[in-house]
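Colleague: I would like to see how this sequence folds:
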Amino acid sequence: MHKILVMAIVCMSSIVYAQRSKEEGMPVQLACEHLVNPLGVDQPKPRLSWKLDDIRMGAKQSAYQLFVDSDSLLLAQGHSGSWDSGKQLSPAMLVFYGGRNLKPQSKYFWRVRTWDKDGIAHTSSIASFETGMLGMDLWKGKWIGDKDDIHEKRAPYFRRSFRTNKPIRSARVYIAAAGLYELSVNGKKIGDHRLDPMYTRFDKRTLYVVEDVTHELQSGANVMGVILGNGWYNHQPLAVWDFDKAPWRNRPTFCLDLRIIYTDGSEETIASDDRWKTSFGPLLYNNLYTGEHYDARLEIPGWDTPRFAGSGWHKVQYRTPPSSNMVSQLMAPIRLVRSYEPRSVQKIDAKTYVFDMGQNMAGITKLRVKGKEGTVLHIKHGERLYPDGRLDQSNIDVYYRGDKELEPFQTDILILSGKKEDEFMSKFSYKGFRYVEINSNEPIQLDKSMITAYFMHSDVRSIGQLKTSSRLINSLWEATNNAYLSNLMGYPTDCPQREKNGWTGDGHLAIETAFYNFDGITVYEKWLADHRDEQQENGVLPDIIPTGGWGYGTANGLDWTSTIAIIPWETYLFYGDSKMLADCYDHIKRYVDYVDSISPTGLTTFGRGDWVPVKSQSNLELTSSVYFYVDAKILASAAEMFGKQEDHRKYQALSRKIKDAINGKFLDVAQGIYSKGTQTELSVPLFWGVVPEEVRGKVAANLNSKVEETNFHLDVGVLGAKALLNALKDNGYGETAYRVAVQDTYPSWGWWIVNGATTLLENWDLKATRDISDNHMMFGEIGGWFFKSIGGILPDPEQPGFKHVLLKPIFPAGLQQSSVTYESPYGQISSRWKVQNKKIIYDIEIPANATATFYPPKNIKNKDHIPLEAGKHSLELEFK
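Modeller: Okay, the predicted model is just below:
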C-alpha cells in the first residue's frame, strides 16, 4: 500500500508554545450582525461573532466570555454593565446577545475573552455597535415631499437651515425614503453609498439608514440638503413588468431625524417638518432603467450650504407614510467599487464617439467635458457594437415600452453650461454596459481622459480566491464573479440592463457560488425578508422579488421560488447561523403546504422548467417534483433542528412520499434512466438525492455516458447546469465533470470566454435571437463548482459553518496546479496542490477551532480518509 507522507507542521513542545507571543490565539474580526462596528442595529438580541488568530496545530477555543458596556473606558477597565456572559465552556463563535435590554439610539462596546486549547485566556480589542430606533415610537420626523405627483419628471431638492451653538459630542442622521435619496450637510455629500435605501415592498417595509455626521456639523449656521430620486417607488417609463402600476407608487418622499448630543449631555433633534424648503435643480429626470437628464445650466451653487439664501424655495407638504414598518438597513451598501478608464475610443464623426471600457459591468459613468452652452450630449450604454462600430442595444431593450426618443433606454442626457468644464455622474440609476456611445448635437472634441466607468454593486467582502495553471479556469472564475457582482444591488438580480429583476431562480441557482466567493449574508437576509413580505396568505411567491405585482402567474413554481427554503438552508450550511432559517420557517411551511394541497400524488408541474436549454427538453413534472422534495426535506430538517417534532415527522413523511412518487413514475430501475434520460433528467435527481441507493451507480454511469455522447459538451438549461457537474463529481466521474467544465467549444461555459466574454451570458448560443443578455448569473454554478471540485472544500451538514470541513478534491488530468482558499466563519481554509514527479503535493490549512477530513479521489492509490486538526498540513499523494 502506498504510504502517504503527512508532513504537517506539528508537535512543537509546550515550552516553545509558552515562548510565543501573547497575541497567538487572540480573538479577531469581531462583528455584530455580520458587520463591523455597525450603526443602526434594530435587533434586540444581536448576533456577536469572532475568529481566532491561532495557527498552532490543533488550535481551538475551549471557552469564551463576552463583555458589553455602554462606556468603552469602563469596558477596558473590566466593567461590563450591559452584559457579562460568564465563562462558557463552549467552542461557539457566533452568540446572541443575552444581557440587559438594549436602549435605542445608543452605542455599545464589546469584547470577547477566549480560552485556547491549553486553557490560556486571550482578550480581544474593543468593538462596537450602535442601536437604531428599535421600533417606531422614537421617530420625530414627518414624511415630507413637494406638491407634485407621479408625473413630474424633475427631481425635488430639499434644504433645512439650523444652528448649533454648543460643542457636539455626536450627531446621527436617521433617514428613511420611499424612492432614493442623496444627503448632504454643509455642501458635503454624506457617505459613499449609492442607491439608498434598498428596494423593498414599500407598502410593507421601509428601510432607513443611519449616518454619522458629527464632523460635518459646525458651530453656528448649518444646512442639510436632500435630493430625492424615483428608484422603484415611482417607476415612470413603461416596461412589461408593470412597475408603473405598483400599488405603492407615488412621488418620492422622506422622513429624517438628525439627533445631536452635546458635550454637556443635552440633546436636540432636527427633524423633517414644515420648516424644510423645496425646489427643483439641474436633475430634470431620473429612472433606474433609462438614466438621468441633467441640465448643467440650472445648477445652484451652494444650495446646501449656509451661505445660500434660499429665496424662491417653496414650502414642503406632509405626506402619508408609505408603510408603518420602518426598519434599519443593516447590510452591505452599494458603492462604486472599481473604476475603469477606456481601453479605446473610436471617433465615428465630429459629433459621435464610442468608448470601450474593456469590462462588462453594472455601474455608471462620469463625464468631464466643456462645450458650447446648450450643447446636448446623449451618453448611451450597452454591451454590444454593430459592425460599423456604433452601440447596439437590441439585445437589452426588448422589454422596454417607454418613449425611446424622450426617455431613451440606458442613456443619460447632459446639457452643457458653456461656462466651465461640466462634470456629470448619475445619482439615481445604473446601467449594464461595456461600451459607451456619446452623441452630441454640436461638433465636440472628446478623448479617453474625459470619461471614467465605475463598477457599482453591493460592496460585499471577497472571501474566496482561486488560481490555477489553467488560464480558462481563472478567466471563468473571474467572469463568474463579475457577473455575480453586476447582479447584486441590495438583492440578487438576473441582469443589470434589460430587467434588473430579482428573479428567484437565478438567486438560488447561484447561491453556492455567491457564498464561496463573497460574504453576502446581509444581502440575502434582506432579500429573504422581501420574500416574507411578498408571500401571499396561501403560500404562493412571485417569480421576481421584490415586485410591484407581476409574477404571481402559473409558472412561478418550485424550481424558481424554492428560494424561500434553499437560501436559508445554504446560509445555515455556510455560516452555521440558523437565524434566517428560523425567520423563514413558517413561510417555508406555508409554501410547502400550498404545493402539497395542489399536488395530492406528490408530483407537480408547478414550475418553469429547465430554462434556456441547449437542445434537449426535460420533463417539467420531474424537475418541479424534485424541488418539491428538496423543500420538504429542508423543512423536515429545520423542524428537527428547532425541536418541532410533529412537523419533523409530517414533512419527513411528505418528502418520502414525493421521492417515492418521482421514482415510481420516472425511474426505469432496470435501465437506470429517468424519463427520456437527458443530461438534466439524470443529473437533477442525482444531485438532489432522489435516486435510490441501489440504482445510484447505474444512473450515474448513464449520465456519464450521456455526456460522453456529446463529446463532453453541455446539453442542459439552468436546472441541469446547477446539477450536472456536481452529479458527475459526487458519483465518481470527476474527470468527466472537469472535461465539461473546461470545454471551450460550443456549447460550454468556456465557449463564452474564448469569444471574449468578461461576464457570464444568458444563452449558450452566441447567435441566439432571444434571452441574450451578456451579463447574467443563472448559469453561475460553474464558479462555485471549482471550489467544490479542484478545491474540494465542502461544508459538513452535521457541523455547519465549516466547523468541520469535508475535503473532497479532484486532481484532474491536464491541470498541473491549483490554489483555492476560502475564508470560512472560522478563518481561512486553504486547499493547494501541484503535480510534481507524478505525485501530488497537497498543502492544506484548516483554521483554529475547526477540523477536517480528507477523502482521496479514486485516481489516488490510498483510499483511506484522513482526519485533520486545525493547522497546516502537507500530504504527498501518489497517482494510481
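Colleague: what number of residues lie near the closest residue to residue 686 other than its chain neighbours?
Modeller: What sits nearest to residue 686 in space, not counting adjacent residues and going by CB to CB, 6 or more residues apart in numbering, is residue 727, at 3.8 Å. Bear in mind the C-beta positions are built from the backbone N, C-alpha and C, glycine included. Per other CB atoms under 10 Å, the neighbour tally for residue 727 reads 26.
Colleague: which secondary structure element contains residue 727?
Modeller: With the criterion set as DSSP states H and E, the secondary-structure element containing residue 727 is helix 718-729.
Colleague: by contact count, what packs against that helix?
Modeller: Contact analysis of helix 718-729 by 3 or more CB pairs under 8 Å, 6 or more residues apart in numbering; DSSP states H and E lists helix 504-509, helix 679-687, helix 693-709, helix 734-741, helix 781-788 as its packing neighbours.
Colleague: any idea how far the third one is from the chain center?
Modeller: Counting by CA atoms, centre = their mean, to the nearest Å, helix 693-709 is centred 35 Å from the centre of its parent chain.
Colleague: what comes up buried for that helix?
Modeller: Under the neighbour-count criterion of 16 or more other CB atoms under 10 Å, helix 693-709 has 695, 696, 698, 699, 700, 702, 703, 704, 706, 707 buried.
Colleague: Tell me the one of the residues you listed nearest residue 676?
Modeller: Distance ranking of the buried residues of helix 693-709 against residue 676, using CB to CB, places residue 706 first at 10.6 Å.
Colleague: nearest to residue 448, of the helices and strands packed on helix 718-729?
Modeller: Comparing those by their distance to residue 448 (CB to CB), the top pick is helix 781-788, with 31.4 Å.
Colleague: quick one: the strands in the stretch 501-650 of the chain?
Modeller: With DSSP state E, counting those that start in this stretch as the criterion, the stretch 501-650 of the chain has strands at 518-519.
Colleague: residues near residue 532, how many?
Modeller: A count of nearby residues for residue 532, using other CB under 10 Å, gives 18.
Colleague: Apart from its neighbours in sequence, what residue is nearest residue 732?
Modeller: Going by CB to CB, 6+ apart, residue 732 has residue 858 as its nearest residue, at 6.0 Å.
Colleague: quick one: the one you found and residue 731 touch, right?
Modeller: No. Applying CB atoms under 8 Å, one finds residue 858 not in contact with residue 731, separated by 10.8 Å.
Colleague: Need the overlap of contacts for those two.
Modeller: Both residue 858 and residue 731 lack any common contacting residue under the criterion CB atoms under 8 Å, 6 or more residues apart in numbering.
Colleague: quick one, which of the two is more surrounded?
Modeller: residue 731 (21 against 11).
Colleague: Residue 830 reaches residue 852, doesn't it?
Modeller: No. Contact criterion CB under 8 Å: residue 830 and residue 852 do not qualify, at 10.8 Å.
Colleague: Identify the contacts common to those two.
Modeller: Overlap between the neighbourhoods of residue 830 and residue 852 consists of residue 844, taking contacts as CB under 8 Å, 6+ apart.
Colleague: For these two, work out which one has more neighbours and name it.
Modeller: Remark: of residue 830 and residue 852, residue 852 carries more neighbours, 24 against 20, as counted by other CB under 10 Å.
Colleague: Wait, the more buried one touches residue 808, no?
Modeller: No. If you go by CB under 8 Å, residue 852 and residue 808 don't touch, sitting 10.5 Å apart.
Colleague: Flag the shaky bits of this protein, pLDDT-wise.
Modeller: 1-23 (pLDDT under 70).
Colleague: of all the helices and strands packed on helix 718-729, which lies closest to residue 118?
Modeller: helix 781-788 (33.1 Å).
Colleague: in stretch 252-271, what's buried?
Modeller: Residues of stretch 252-271 classed as buried under the neighbour-count rule (16+ other CB under 10 Å) are 252-262, 270-271.
Colleague: between those residues, which is closest to residue 448?
Modeller: The nearest member of the buried residues of stretch 252-271 to residue 448, counting by CB to CB, is residue 252 at 35.9 Å.
Colleague: residues contacting the closest one?
Modeller: Contacts were defined as CB under 8 Å, 6+ apart; by that measure residue 252 touches 145, 156, 177-181, 228-231, 233-234.
Colleague: among those, who's most crowded?
Modeller: For these, the largest neighbour count, defined by other CB under 10 Å, is 32 neighbours, found at residue 178.
Colleague: Settle this for me: that residue is touching residue 232, isn't it.
Modeller: No. With contact defined as CB under 8 Å, residue 178 and residue 232 do not form a contacting pair (9.5 Å).
Colleague: Determine the residues that are contacts of both of the two.
Modeller: Counting by CB under 8 Å, 6+ apart, the shared contacts of residue 178 and residue 232 are residue 202.
Colleague: Skipping its backbone neighbours, what lies nearest residue 699 in space?
Modeller: Take residue 699 and drop its neighbours on the chain: the residue closest to it by CB to CB, 6+ apart is residue 672, 4.7 Å away.
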